Structures are given as C-alpha cells and as structure tokens.
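Peer 1: I need the structure of the sequence given here:
(one chain, ligands or ions: 1)
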Amino acid sequence: MSGRQNDYRRSAGGYRDRSRSRSLDRNRPRDRDGDRYSSNSGRNGRDYRDNRDSRDSRDSRDYRDGRDNRDSRDSRDSFRDSRYSREDREKERSPAKSSDPGKGSAMDVDKTSTPPPRKVPISLDELIKQKQQEKQALERPKFLTKEERAQLALERRTKEVEVQKKTQDLERQQRLEFDAKARAEVHDNNRYGYDSRINARDRSERDRSGKANGDGRKESGDTDSVSSGIVLGDKEIDLVKKRYMGIEEKERKIRKRNDKKFVFDWNADDDTSRDLNPLYTHRHDAQLFGRGHFAGIELKDVKTKDQFYDKLMASRRTDAETARKDELGDLALQRERKINYADRHWSDKPLDQMKDRDWRIFKEDFNIACKGGSIPNPIRRWNESIIDARVLEVVDKVGYKDPTPIQRQAIPIGLQNRDIIGIAETGSGKTASFLIPMLQFIYDLPKLNEQNMVHGPYALILAPTRELAQQIEQEALKFAVPLGFNCVSIVGGHAVEEQAFNLRNGAEIIIATPGRLKDCLDRRILVLNQCTYVVMDEADRMIDMGFEADVNFILDALPVSNLKPDTDEAEDASKMTMAIDNDSNKKYRQTTMFSATMPSAVERLAKRYLRRPAVVTIGTAGQAGETVEQRVEMITDENKKKNRLLELLKSQFTPPIIVFVNQKKSCDMLAKMINSCGLRATTLHGGKSQEQRELALSQLKSGKSDVLVATDVAGRGIDVQNVSLVVNYDMAKNIEDYTHRIGRTGRAGRSGVAVTFLSSYDAEVYYDLKQMLQKSALATVPAELRNHEASMTKGGVGGRRRGNDEF
Ligand SMILES: Nc1ncnc2c1ncn2[C@@H]1O[C@H](COP(=O)(O)OP(=O)(O)OP(=O)(O)O)[C@@H](O)[C@H]1O
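Peer 2: Just a heads-up that it's a prediction; the model follows:
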C-alpha cells in the first residue's frame, strides 16, 4: 500500500471520529439560545462552532500534510473534551457563586460588558512543554539559605530526639515493671529480706539515674560531698577510696604482640610451685657447645654428683665386675685425653700433627683466603718453612721475628714456583713476601759470572714510581747483600749512563720503573735473556699511570722458552720446581703481582702473563690497614681547610706527618704556609728534580723535616717509619689512591690516624668512601656523607688515567 493511500485512510478515520462526536453533541440538551450544550457549555454556540471549525480546519490541514497523526489526534480529542468539561464546570460554578440579585447573572454581564477574550484550548505541544518545565523545576536543586538549612537540621534533630526519648521512656517503663515484678516474686519467695543482688542492682540503678541527671552527682548516697558543696567525680572517689581504705586495684596485664603465647592471670611471684619442686630450684644450665660437654651435659659435674649411685653400685659388684669397671674407666680416660690432645690449638701442636681443621683455623686466625688449586699450607714460623737456612739467617738479621699474614701464605706458594696474585693491606710486608722466594729462586741458579752476566738479570721487579723502586731496592739489598747478590735500580731522573755504569758488574735483581727500563732495553743497555722471575709491585697503579704498553713491551722481551704451560701442570709444584731440561739449569718463568688494591683492569695483564696463578687475599681486597683510624671532615672552603690543617699539625700528632694534595702548586703553597708556622715542611711531586724528590723523602725519614707535602707520587708503597698522621688535604680521586695514601700511616702493626677533608667536589668518591668507612672498625661516617645523595649509589668513573709521573 502506498503512503498516500495510507494517509488518506488515516485522515478518513479521523473524519469518522469527528462525525461521531457531532452526532453525540446532537443528542445533548440545548441551551436557551437554542444552541446545543457542548463540552464547552459555558460558551455560546459560536464558540463551539468556532472550535469545531478550527478543529475541522486543523483536521483538513492534517489531511493536507498527510501526516500520520491519527493516534495523537484521538488522544488530543479526548483530552480536549476533558478540558472543556472541566472549564465548563468552573464557568457554571462561577455564576452560581455570584448569584447576587443586584449583580445579575453572568449571562447579563456578558451581554452588557465587552465579551471576554475567546478562550483557545492549550495545544498539546505547549502542554507537554509545560509539564516538562514543571518536572525540570522539581528536579533542579533548590538553593537553601544557611538559616533555612539550620532550620531544617534543627527540625530533623528535634524529631530524632523525640523518637529517642520515646523509646528510652518505653524501655525504662518496661524495666521498672520488670523489676517490680521480680522484686514481688523474690519477696514472696524470701520473706526474710531482700536479695542482696537486688540491693546492689538498686544502688547501681540509682547511680545510673544520678548520672543521667547530668551533673555527675548521685541522687542519694554521697550526701557528704553534696552537703559540703564539693562535687567529686567517679575517678576522684576511687582515688579517695584507694588513699584512705587501702583498696588496690590490680592492674590488668595488657598483652603485647611479642609476649608469650599464653598469658596467665597470676604473676610470676604468685607461683609457689618453684619452691616445692627441686627441678625448678636447681635448674640445669644446658651448654650445648664447647669442649668437655657432651650433649649439653658437663661430664665432670655428672661424675661428682653421681657418687651416691657409684657407691651403691660398688657395694653390689663382684670382683670380676669391679675389674672390668676399672678397665672401662681407664679406656674412657684414655679416650678423653686423646680428644683433648687432638683439640689443642694449632700453636700448641708440632707441625706434623697439624690436621686440615687446624690449617683452616690457622688461616681464619690470620684472615688468609686463597684461590687456585694445590695451594700449600701457610708458614706458621720461619724455621718451619722450607726456606734455605742462609736466607732464614738473613731474615733473622733483618729482624723479622714472625712472618706477616701475606708472607705466611705467599712465601710457600712462591717457593713452589707458582704464579701469584697477592692482595694485602698497606704496610703488611708484601715486599718481603716476594723478595724471599725470589732470593731462594736465585740461590738455586748458577752464580753470575763474566760469561752469564751479559745475558742480564735473573729477576726483575717493576714498580710504578721512582721512589717506590728505590725503596724496594733498599729492602732487597738488606737480604741480597748478605747472600752475595747484586741489586740495581733503573729509574727515571737519573742519567742512563750512571745506570749503565751500575750494571757493569752485572745484577741478579733489577728494580725498575717501566718507562726507564723500556728505554734501557731499546738502547741495548740491558737485555733480559735469562730473566725468569718477574714481580709487578702495585701493578694496578702501573696500568693506572698508563704504563701498560711499556709493561707489555718489557714482558714480551723476556725469553719464551721457559714459559709455563697453561695447563694443570702449572699448579703442580713438583714439576714447576724442576729444571725444564736436564742439560741446563733453566727454570720455568715465575710471574707475580702484588698490591693492596686489584681493580679489574689488572685482570687483562694477569690473563696475558700469569699461568694458573694462586690468588692470596688477606682480609678484604682494597681495605685500608686495620690499625688506621680514618676521620673524615666535610670542608669545602679553602681558608677553613688551611686553618684546620694548621690546627691538626699543632695538635698531639708527632712528626713525621704526610699531607696529600692533588696539585703540584698546592704542595709548594702549603709547604710555605706550614714553614711560616714554625714547622719544617718539605715537598714531593712530579715537578721536582729526582735529587730534590729523594732529598725530601730522606729528610722526612731522617727527621730533618716534620711534614711532607706530596702528591700521589708518594701515595704508593713509600715506607716511612712511625708516620703518626696522614692528612688528605684534597681527597684522592678514587678509592684505591685513598687506600694507599692513608696506608702511609699505621704500618707494620702500628697505629695511625688519617684525616680527610672532603668537599662537595669529591661527590664521585662519596659512595666508595662511605663503604670503606663503614667496613672499618676505627672509622665513623659523618652524617653529611652518610645522608648525601651521592653516597647512596656508586657513581662516576674510577681514577684519572695519567701518563708518566705527571704529579
Ligand atoms: N715479618 C715482618 N716483621 C716485621 N716487620 C716487617 C715484616 N715484614 C715487613 N716488615 C716491615 O713492614 C713495613 C712495611 O712493609 P712493606 O713496605 O713491605 O709493606 P707493603 O705491604 O709493601 O706496603 P705498601 O702496600 O704500602 O707498599 C716495612 O717497614 C718492613 O720493614
């Protein structure tokens, strides 16, 4: 069906409805003017007609528009009818109300006055709009003034209170009734008096009602206080009772989280069982650890206490049983002796009775840790070692009574011709720990003579600084001269010719700095054709100073025919101590490295030149000497630093004192300042001639100078006896240098103090320094450092890489 036909039908439907309503109108009674009463009966017939006309016109418009509004029109018609009828009723009512005879009827008014404006029924759209507006108005939040809100809240509260009061009254009423009933029942049951409980309840009831009165007074009872005008609260009354009647309230034990699981109502003092039971009075103290104790029982105690049973048993024994008992007793005694003997401390045992356990205890006692296979046992005493008697004689002459921890472990390994990486704190005798096996090694080699001295030295010691090399030379000479060996140092700052002259008679041991040695090798002043023992002292420093290439050059100049195999054989002492071939006395090359700090950069060197090295660590790697008290002061201001330095130098510290700075010019400036204060200061840095450097050091050692102001040139290995104070006027740029600097004091078991001025420019080392101070028993971390952000995480790079002695 087409839309047009549909619309037509709908409009026809609408027409049928209208004709039906007209026929209904025809049946209605007519008014005075002959017009028919309609739903708008208050109006004249013209109104009605008009209405009808307008409706018709609307219908015809609907028809024209062809809109599908049949349903809405039906509802509109019915609604309009209802509106007409309501308005009609009102109109009918109004003339009746004003039926004043004087005024005339509404009809009359209509006739006389101007006709009222025609009332047009409200359209459906408007009506819907109106309804929506009303609805929106209702939904819209209404603003209330403060007073209105207060008023509302008051009303609400009043209502609540009323309800509450009502329920309370009701409850009270019910309770009173219940009590009265109960009292009557009890009275009936017990004629002789009131139940005390009811009395008490009455009292409490009265108390309660007294409180309910709101003034804290009791209705009856405390008449005294009321009469005296003093009002006492409950707490006060309790206190008065406590004071005058001696009533003590037991404090309730409050159970805490960590308390035992079971909490009893009684106190420990109330427990009487203790006195009655001997088990509790003589408690057995269980000792589960320690010698002489078996499963927590002291055997000796048990023996003395059990005499009663012993006597009893003895009286019952036969002779044979007694003999057997004695036999068993002897056996037990022997066993006990054996246990006690085996449990002796290692120092009470001869060497051949030392067990693995003893060696473990021994190593723990000296903080010795080793890595690598087939490590020999450490040395307990010099005379127990396999060191040649003549070398031991020299050791005794030098005055070393007992070996230091690093010497205890490194010397026996060195004597096995094993490669070693030795890490031990500053001033712990590392020099002797590589010198002694070296001397023993050379001792087994043919003496140097006119023929073989041209092939160069047997042993080579490399050191990062001239001063350290010279110091090692002096230490080596102590041992070498009595043994008839020659030592020569080859360091920068001296004429090469002079050094060539020193080498004219040959030297079993050469101590050198890498730069100058390379020069000598380049110039053919020296060859290393028979060098089979190499020591790199402070190897990390050499790499740090940029000597790695020189070191590689030197080590590559060594003969390769006696290189150790990179197999397990390198750990086999019996093979490594043997000559390589029977025809010659050639030995395997032995390479060792020693330092107090071993950063990972050294690994590269170790991997290239060391074969299956044994790693010996004393204490913790990179740790300062345990006898050094480390103090850190946060000072950034230069003037304050100077004042503090002078203050320290004038305090209880006795010379020699070493002050470390980071720049050459600071050395001279500080030395001047110290000299002007009456102390004798000398300087040591890379800008000075070698003679001046050696003079400065010797003056400090001899006591001609009180204070040495130095750069890191003096930071490593320099051994000046009895340095009481080291001041880091400028903090070292990395923790390794700091460790070596402060290691100039507290050497060889003596105590010393290291004071460091830390500034905000040193944030790179805050973390490492904090860790180091925390590990030391003699150091406290200042709060500024502990809480500083930079000390929380490891930041910055390691030390500065520098070329040859540029300090
Ligand atoms: N067994 C020993 N008994 C007594 N003193 C010793 C012993 N061994 C070494 N010394 C002394 O200890 C001091 C420090 O020794 P050494 O210079 O070898 O220490 P170091 O560990 O090399 O120190 P650094 O790491 O600073 O170079 C020296 O004066 C040395 O004479």
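
Peer 1: counting contacts, what elements does the helix or strand encompassing K478 pack onto?
Peer 2: In this structure, K478 sits in helix 466-483 according to DSSP states H and E. Under the contact criterion of 3 or more Cβ pairs under 8 Å, 6 or more residues apart in numbering; DSSP states H and E, helix 466-483 touches helix 389-398, helix 430-443, strand 459-462, strand 487-490, strand 509-512, helix 690-702. In this view, the C-beta of every residue, glycine as well, is placed from N, C-alpha and C.

Peer 1: just the pLDDT for L528.
Peer 2: pLDDT recorded at L528 is 90.

Peer 1: so, low pLDDT: which residues of the chain?
Peer 2: 1-117, 189-231, 246-306, 579-585, 621-622, 624-625, 795-807 (pLDDT under 70).

Peer 1: who in it is up against the ligand?
Peer 2: Within the chain, the residues that sit near the ligand (Cβ under 6 Å from any ligand atom) are 400, 403-404, 407, 424, 426-432, 596, 717, 719, 743, 747-748.

Peer 1: ok, of the residues you listed, which come out buried?
Peer 2: The neighbour-count test (16 or more other Cβ atoms under 10 Å) applied to the residues of the chain next to the ligand identifies 400, 403-404, 407, 424, 426-432, 596, 717, 719, 743, 747 as buried.

Peer 1: re the thing from before, now render the helices and strands packed on helix 466-483 as a markdown table, adding distance to L646.
Peer 2: Shown next, in a markdown table, are those (distance: least, Cβ to Cβ, whole Å):
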| stretch | distance to L646 |
| --- | --- |
| helix 389-398 | 39 |
| helix 430-443 | 35 |
| strand 459-462 | 39 |
| strand 487-490 | 37 |
| strand 509-512 | 38 |
| helix 690-702 | 19 |
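
Peer 1: tell me the most buried of the ones you listed?
Peer 2: Among these, strand 509-512 has the highest mean neighbour count (mean count of other Cβ atoms under 10 Å), at a mean of 28.

Peer 1: what does that strand contact?
Peer 2: 438, 442, 456-463, 469-470, 472-473, 476, 480, 485-491, 517, 520, 526 (Cβ atoms under 8 Å, 6 or more residues apart in numbering).

Peer 1: could you rerun that using 7 Å?
Peer 2: Strand 509-512 is contacted by residues 457, 459-463, 469, 472-473, 476, 480, 485, 487-491 when judged by Cβ atoms under 7 Å, 6 or more residues apart in numbering.

Peer 1: what lies in contact with the helix holding K478?
Peer 2: With Cβ under 7 Å, 6+ apart, helix 466-483 has contacts from 390-391, 394, 397-398, 431, 435, 439, 443, 461, 463, 486-487, 489, 491-493, 509, 511-513, 537-538, 690, 693, 697, 713-714, 716-719.

Peer 1: that one to helix 690-702, inter-axis angle?
Peer 2: 70 degrees (axes from the mean of the first three to the mean of the last three Cα atoms, to 10 degrees).

Peer 1: quick one: buried residues of helix 466-483?
Peer 2: So for helix 466-483, counting by 16+ other Cβ under 10 Å, buried means 466-473, 475-480, 483.

Peer 1: closest to R604 among those?
Peer 2: R604 lies nearest to L468 out of the buried residues of helix 466-483, by Cβ to Cβ, at 21.8 Å.

Peer 1: check the gap between that closest one and I718 for me.
Peer 2: According to Cβ to Cβ, to the nearest Å, L468 stands 7 Å off from I718.

Peer 1: then Q451 would be within a helix, right?
Peer 2: No: counting by DSSP: H, G, I helix; E, B strand; the rest coil, Q451 is not part of a helix but coil.

Peer 1: torsion angles phi and psi at it?
Peer 2: Dihedral pair for Q451: phi -80, psi -50, per degrees, to the nearest 10.

Peer 1: which residue is the nearest non-sequential neighbour of Q499?
Peer 2: I490 (5.1 Å; Cβ to Cβ, 6 or more residues apart in numbering).

Peer 1: so the one you found makes contact with K518?
Peer 2: No: contact criterion Cβ atoms under 7 Å: I490 and K518 do not qualify, at 10.1 Å.

Peer 1: intersection of neighbour lists for the two?
Peer 2: With Cβ under 7 Å, 6+ apart as the test, I490 and K518 reach no residue in common.

Peer 1: what ranges do the helices span in the stretch 501-650 of the chain?
Peer 2: For the stretch 501-650 of the chain, the helices defined by DSSP state H, counting those that start in this stretch cover 514-522, 539-544, 548-556, 573-576, 601-609, 638-650.

Peer 1: pull out the buried residues from the longest one.
Peer 2: What it means is helix 638-650. Going by 16+ other Cβ under 10 Å, helix 638-650 has these buried residues: 641-642, 644-646, 648-649.

Peer 1: for A790, see how far away M731 is.
Peer 2: M731 is 12 Å from A790, where distance means Cβ to Cβ.

Peer 1: higher neighbour count, these two?
Peer 2: M731 (23 against 17; other Cβ atoms under 10 Å).

Peer 1: ok, the residue lying closest to the more buried one once chain neighbours are set aside - how many residues close by?
Peer 2: Nearest residue to M731, sequence neighbours excluded (Cβ to Cβ, 6+ apart): D762, at 4.2 Å. Counted with other Cβ under 10 Å, residues neighbouring D762 total 22.

Peer 1: pretty sure D762 contacts K733?
Peer 2: No: counting by Cβ under 7 Å, D762 stays clear of K733, with 8.2 Å between them.

Peer 1: how about stretch 732-745, which residues are buried there?
Peer 2: Residues of stretch 732-745 classed as buried by neighbour count (16+ other Cβ under 10 Å): 732-745.

Peer 1: equivalent analysis for stretch 761-779, please.
Peer 2: Residues of stretch 761-779 classed as buried: 762, 764-770, 772-773, 776, 778-779 (neighbour count, 16+ other Cβ under 10 Å).

Peer 1: mind putting those residues into CSV with secondary structure?
Peer 2: Output for the buried residues of stretch 761-779, formatted as CSV (three-state DSSP):
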residue, secondary structure
D762, helix
E764, helix
V765, helix
Y766, helix
Y767, helix
D768, helix
L769, helix
K770, helix
M772, helix
L773, helix
S776, coil
L778, coil
A779, coil
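
Peer 1: so which of the residues you listed is the closest to I368?
Peer 2: S776 (19.8 Å).

Peer 1: excluding chain neighbours, what is closest to that closest one?
Peer 2: For S776, the closest residue by Cβ to Cβ, 6+ apart turns out to be Q630, at 5.7 Å.

Peer 1: again with T591
Peer 2: Once flanking residues are discounted, T591 sits nearest to V534: 4.7 Å by Cβ to Cβ, 6+ apart.

Peer 1: list the contacts of that neighbour.
Peer 2: 460, 555, 558, 589, 591.

Peer 1: let's see it at 10 Å
Peer 2: 419, 438, 459-462, 528, 551, 554-555, 558, 589-593, 609-610 (Cβ atoms under 10 Å, 6 or more residues apart in numbering).
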